[in-house]
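Colleague: sequence isn't available, so here's the structure alone:
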């Protein structure tokens with residue numbers, strides 16, 4: 001998977017266990033799919049997953065890693081990737097933007113990314129196969145970048161991995177889940193909440209001012225391949241200035257999440273939220289309580305690497321001190337009040353427990 005701020009890598013086993021504790025769950029909505037890590041884990045566990053994300057790169061990752069099935073794509077996609085990997089490097093817009101005007105990638109890798117991306121476009125594939133190939137390219141490029149994991153800035157000195165040669169590999173495709181064929185959509189969360197239905201909705205919304213489009217703008221441009229106007233030292237897409245989300249706004253996030261919670265068609269909800277978010281624990285409990293009984297599970301986790309090494313300007317100068325090294329991730333499970341959970345080792349707390357404060 002790509003390096004991703006807010007990644008639930010450490011929480012995936014707990015999230016999967018939480019879903020498995022809910023009897024009669026077959027279809028799961030992943031409304032803010034991000035890197036597709038959770039969606040792929042739930043597919044591997046046998047659930048039909050409906051993944052959604054408003055950003056094109058994230059929707060592509062979900063289409064390539066969750067919707068696409070190994071038995072349909074693996075063999076032919078591998079052959080196509082082998083041909084794409086053999087293309088001669090051809091520097092173009094990506095190399096100029098992210099290797100020369102900025103320093104996210106070494107030029108030798110930028111030229112290969114340009115050639116492979118043009119090669120994918122020339123194939124004019126149906127969306128699911130194209131997503132598999134684009135996912136392979138993102139995963140390969142992520143392994144040779146020079147960042148702390150976000151594209152707000154690049155490192156002042158080249159990361160050791162940036163000197164390596166990009167290797168194009170087949171993504172880790174899974175067979176179709178027993179629960180049914182997965183689906184990936186690219187909708188605004190409010191629209192998706194009104195269109196998708198399932199037994200459980202997993203909600204992992206943006207929780208503070210950090211915008212995913214700005215953090216992963218290079219992937220957005222790589223997927224859209226629209227060669228947009230860019231600005232600043234980091235060469236962000238100009239639409240980073242205009243595309244805003246209420247979930248990144250302290251005044252707006254409560255109403256935006258409440259709308260999703262009230263509108264989504266699912267018997268149960270599983271909400272992931274950090275103590276660094278704009279909604280505090282008591283507010284979250286009150287927000288969710290209208291949908292049923294709320295249980296909470298907390299896990300102490302290290303902050304993402306960029307926060308742990310300090311805050312740097314786009315030019316690589318340290319401009320801020322490290323505040324704290326760890327944070328608390330919470331899972332809020334909302335079920336009908338008479339719903340009984342299967343016993344599987346998870347220790348949920350009720351809102352009144354003093355240990356939550």
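Modeller: Sure, I can see it. Bear in mind the structure is a predicted one, so any value in this text is a computation, not a measurement. Residues are numbered from 1 along each chain as shown.
Colleague: low-confidence bits of this protein, can you list those?
Modeller: 303-325, 352-357 (pLDDT under 70).
Colleague: all helices in it, in order from the N-terminus.
Modeller: Read by DSSP state H, the chain holds these helices, from start to end of the chain: 12-20, 37-44, 56-62, 70-85, 93-95, 107-123, 127-142, 189-195, 212-215, 217-224, 253-263, 281-289, 305-309.
Colleague: what lies in contact with stretch 217-229?
Modeller: Taking contacts as C-beta atoms under 8 Å, 6 or more residues apart in numbering, the residues outside stretch 217-229 that touch it are 2, 55-57, 60, 93-94, 97-98, 104, 113, 117, 121, 134, 137-138, 141, 151, 213, 234-240. Where C-beta positions appear, they are placed from N, C-alpha and C, glycine not excepted.
Colleague: for that stretch, buried residues please.
Modeller: Neighbour counts over stretch 217-229 (16 or more other C-beta atoms under 10 Å) mark 217-223, 228 as buried.
Colleague: got it, and stretch 45-58?
Modeller: Within stretch 45-58, the residues that qualify as buried are 45, 47-58, counting by 16+ other C-beta under 10 Å.
Colleague: could you do stretch 82-92 as well?
Modeller: Residues of stretch 82-92 classed as buried under the neighbour-count rule (16+ other C-beta under 10 Å) are 84-85, 89, 91-92.
Colleague: tell me the one of those residues nearest residue 263?
Modeller: Compare each of the buried residues of stretch 82-92 with residue 263 using C-beta to C-beta and the shortest gap goes to residue 84, at 41.4 Å.
Colleague: dump the residue contacts of that closest one.
Modeller: Contact partners of residue 84, counting by C-beta under 8 Å, 6+ apart, are 116, 119-120, 133, 168.
Colleague: and it, how far from residue 160?
Modeller: In this view, residue 84 and residue 160 are 26 Å apart by C-beta to C-beta, to the nearest Å.
Colleague: ditto for residue 21
Modeller: Computed with C-beta to C-beta, the distance linking residue 21 and residue 160 is 42 Å.
Colleague: okay, those two: which has more neighbours?
Modeller: A side-by-side neighbour count of residue 21 and residue 160, using other C-beta atoms under 10 Å, places residue 21 first with 19 against 8.
Colleague: just checking, the more buried one touches residue 341?
Modeller: Yes. With contact defined as C-beta atoms under 8 Å, residue 21 and residue 341 form a contacting pair (4.5 Å).
Colleague: make a markdown table out of the buried residues of stretch 45-58 and add distance to residue 283.
Modeller: Output for those, formatted as a markdown table (distance: C-beta to C-beta, whole Å):
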| residue | distance to residue 283 |
| --- | --- |
| 45 | 31 |
| 47 | 30 |
| 48 | 32 |
| 49 | 29 |
| 50 | 27 |
| 51 | 27 |
| 52 | 24 |
| 53 | 25 |
| 54 | 24 |
| 55 | 26 |
| 56 | 32 |
| 57 | 31 |
| 58 | 26 |
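Colleague: ok, and the closest non-adjacent residue to residue 66?
Modeller: Leaving aside its chain neighbours, residue 66 sits nearest to residue 39 (4.2 Å; criterion: C-beta to C-beta, 6 or more residues apart in numbering).
Colleague: swap in residue 102?
Modeller: Nearest-residue entry for residue 102: residue 235, 4.6 Å, with adjacent residues in sequence omitted and distances by C-beta to C-beta, 6+ apart.
Colleague: how about the buried residues of stretch 45-58, which pair is most distant?
Modeller: The span of these, defined through C-beta to C-beta, is set by 45 and 56 at 26.9 Å.
Colleague: distance of the residue nearest to residue 66 relative to residue 27?
Modeller: Note on residue 39: its distance to residue 27, by C-beta to C-beta, is 12 Å.
Colleague: list the residues that are in contact with both of those two.
Modeller: In the contact map built from C-beta under 8 Å, 6+ apart, the residues linked to both residue 39 and residue 27 are residue 49.
Colleague: which one's more surrounded, these two?
Modeller: The residue with the greater number of neighbours, taking residue 39 and residue 27 and applying other C-beta under 10 Å, is residue 39; the counts read 28 against 20.
Colleague: got a list of what that one touches?
Modeller: The neighbours of residue 39, taking C-beta under 8 Å, 6+ apart as the test, are 30, 33, 49, 51, 62, 65-66, 182.
Colleague: can I get those residues in a markdown table with distance to residue 9?
Modeller: What follows is the contacts of residue 39, written out as a markdown table (distance: C-beta to C-beta, whole Å):
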| residue | distance to residue 9 |
| --- | --- |
| 30 | 15 |
| 33 | 14 |
| 49 | 17 |
| 51 | 17 |
| 62 | 16 |
| 65 | 14 |
| 66 | 16 |
| 182 | 20 |
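Colleague: select only the buried ones of those residues in ChimeraX?
Modeller: Isolation of the buried members of these (16+ other C-beta under 10 Å) is achieved in ChimeraX through the command below:
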select :30,33,49,51,62,65,66,182
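Colleague: narrow the contacts of residue 39 to those in strands?
Modeller: 30, 49, 51 (DSSP state E).
Colleague: so how many other residues sit close to residue 239?
Modeller: Neighbourhood size, residue 239 [other C-beta under 10 Å]: 15.
Colleague: nearest residue to it other than its sequence neighbours?
Modeller: For residue 239, ignoring the flanking residues on the chain, the nearest one in space by C-beta to C-beta, 6+ apart is residue 228 at 6.7 Å.
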